[in-house]
Each structure stands twice: as structure tokens, then as C-alpha cells.
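> Sequence unavailable; structure follows:
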């Protein structure tokens with residue numbers, strides 16, 4: 001399925017409640033008392049009649065499907081609940097590949113992002129807010145490339161390396177720990193809310 005076709009189809013979901021869609025597409029939200037973290041994304045993949053995918057390549061060949069939660073502030077306005085995970089950082093791969101051939105660019109340059117409102121916990125209603133296409137170009141492309149190269153240069157530096165990567169790095173894209181607790185050793189590229197605001201109007 002091409003990106004344009006997927007975006008047109010996903011637009012049908014705007015305003016719909018996600019738990020109801022999960023029931024319709026038989027997606028498990030909780031299993032043995034634990035939340036299935038990827039349940040929202042699985043709903044959208046089932047809706048598009050595409051296989052669930054967790055590889056580093058873009059979901060559907062040329063484009064990537066992402067979901068981002070929005071929270072309601074006390075004044076009633078919406079805000080991004082969190083940054084958006086883009087792709088895991090494989091230090092060997094990042095060292096070998098220039099930005100133009102990176103997983104980061106492959107994931108971002110043609111992403112389709114579904115923004116959805118969420119409550120304080122998973123059982124509260126979640127409504128599809130908007131469907132947005134990411135197109136990485138111009139100054140933003142250059143800025144994201146600079147963020148990637150910052151990470152790459154740290155990895156290539158024998159005095160620093162993988163352990164030196166921190167969430168404080170990067171203007172639009174940050175490298176930070178992925179996984180539960182402070183003991184996690186894995187890192188991933190995350191799109192900061194500053195990046196998300198370039199595309200998603202809330």
C-alpha cells in the first residue's frame with residue numbers, strides 16, 4: 001500500500017475511539033494484567049490490513065507508520081504526552097552509515113503519524129485526533145542530519161562511545177535510553193516535541 005492511499009484510508013478514523021476499534025479488530029490491550037504497549041499501532045496496522053512489523057526497515061517498504069499520544073492540560077488545551085521513538089540505535093550500523101543511508105532517515109523521511117488523545121491511564125477513552133505526513137526537507141533535513149552526525153561522532157570517538165550518548169544531545173532528535181528502568185543499556189533515536197510541532201497542529 002502506497003503512503004497516499006494509506007493516509008486517505010486512515011483519515012476515516014479521525015474522531016473515532018480507539019478501544020472500540022481494538023475490539024473490532026481483535027487487538028489485545030491488556031494481557032495478564034499488563035498493557036500491550038504496541039496495541040494502538042496494531043489497531044492501525046489491522047485497519048490497513050497490513051502485517052504487524054517491528055523491523056528497522058520502514059513498515060511498508062517506502063513509508064513508516066507511527067502513533068503519538070496527546071494529553072489534555074488543565075486549561076483544556078492539548079500537548080504532546082511524550083517524545084516519539086523513531087528507531088533503535090545500533091552503534092555498528094550508525095558508525096558505518098552516513099545520514100543519507102541511515103535507518104533514522106528511512107523512518108522519518110516518509111512517515112505517517114497518527115496523533116491521538118489519551119487519558120491518565122490506558123482504560124480511558126482515546127480518540128484519533130489527526131493523520132499527518134512527515135516530509136523531511138530543507139532546513140529541517142539539515143538540522144536532523146546534524147543531530148544524527150552528533151551521535152555518530154560520539155560513537156566514532158574512542159574516548160566516548162555508546163555509553164556517552166545522553167538524552168541531552170540533539171536539537172530535534174535525541175539519543176536516549178529505551179526500556180524500563182535506569183539499568184537499560186539500549187538506546188534509541190527519539191523525535192523531540194519541538195520536531196513533532198513542525199508537523200502536528202494541536
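It's in. Keep in mind it's a predicted model, so treat the numbers as computed, not measured.
> can you pull out the helices in this structure?
3-10, 18-24, 39-47, 91-96, 103-108, 138-156, 193-196 (DSSP state H).
> buried residues in the shortest one?
For helix 193-196, the buried set under the neighbour-count rule, 16 or more other CB atoms under 10 Å, comprises 193, 195-196. (C-beta placed from N, C-alpha, C; glycine too.)
> Need those in a markdown table (columns: pLDDT and distance to residue 76).
Shown next, in a markdown table, are the buried residues of helix 193-196 (pLDDT from 0 to 100; distance: CB to CB, whole Å):
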| residue | pLDDT | distance to residue 76 |
| --- | --- | --- |
| 193 | 95 | 19 |
| 195 | 96 | 25 |
| 196 | 95 | 20 |
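> Reformat those as CSV; add distance to residue 78.
Shown next, in CSV, are the buried residues of helix 193-196 (distance: CB to CB, whole Å):
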residue, distance to residue 78
193, 12
195, 17
196, 12
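> with these in mind, which one is nearest to residue 22?
Among the buried residues of helix 193-196, residue 196 lies closest to residue 22 (CB to CB), at 23.8 Å.
> residues contacting the closest one?
With contact set as CB atoms under 8 Å, 6 or more residues apart in numbering, residue 196 has these partners: 68, 80, 83-84, 113.
> In the protein, spot the strand with the most residues.
strand 64-72 (DSSP state E).
> quick one: average pLDDT of it?
Strand 64-72 shows a mean pLDDT of 91.
> same question, stretch 35-51
88.
> buried stuff in it?
Within stretch 35-51, the residues scored as buried using 16+ other CB under 10 Å are 39-48.
> so which of those residues comes closest to residue 96?
Of all the buried residues of stretch 35-51, residue 41 has the smallest distance to residue 96: 28.4 Å, by CB to CB.
> Quick check: closest non-adjacent residue to that closest one.
What sits nearest to residue 41 in space, not counting adjacent residues and going by CB to CB, 6 or more residues apart in numbering, is residue 67, at 5.1 Å.
> residues contacting the one you found?
Residue 67 touches 40-41, 44, 113-116, counting by CB under 8 Å, 6+ apart.
> Mind picking the two most distant members of these?
Across these (CB to CB), the longest gap, 13.0 Å, separates 41 and 115.
> between the contacts of residue 67, which is closest to residue 167?
Nearest member of the contacts of residue 67 to residue 167, counting by CB to CB, is residue 113, at 20.8 Å.
> what pairs with residue 130 across the strands?
With DSSP bridges as the criterion, residue 130 is bridged to residue 115.
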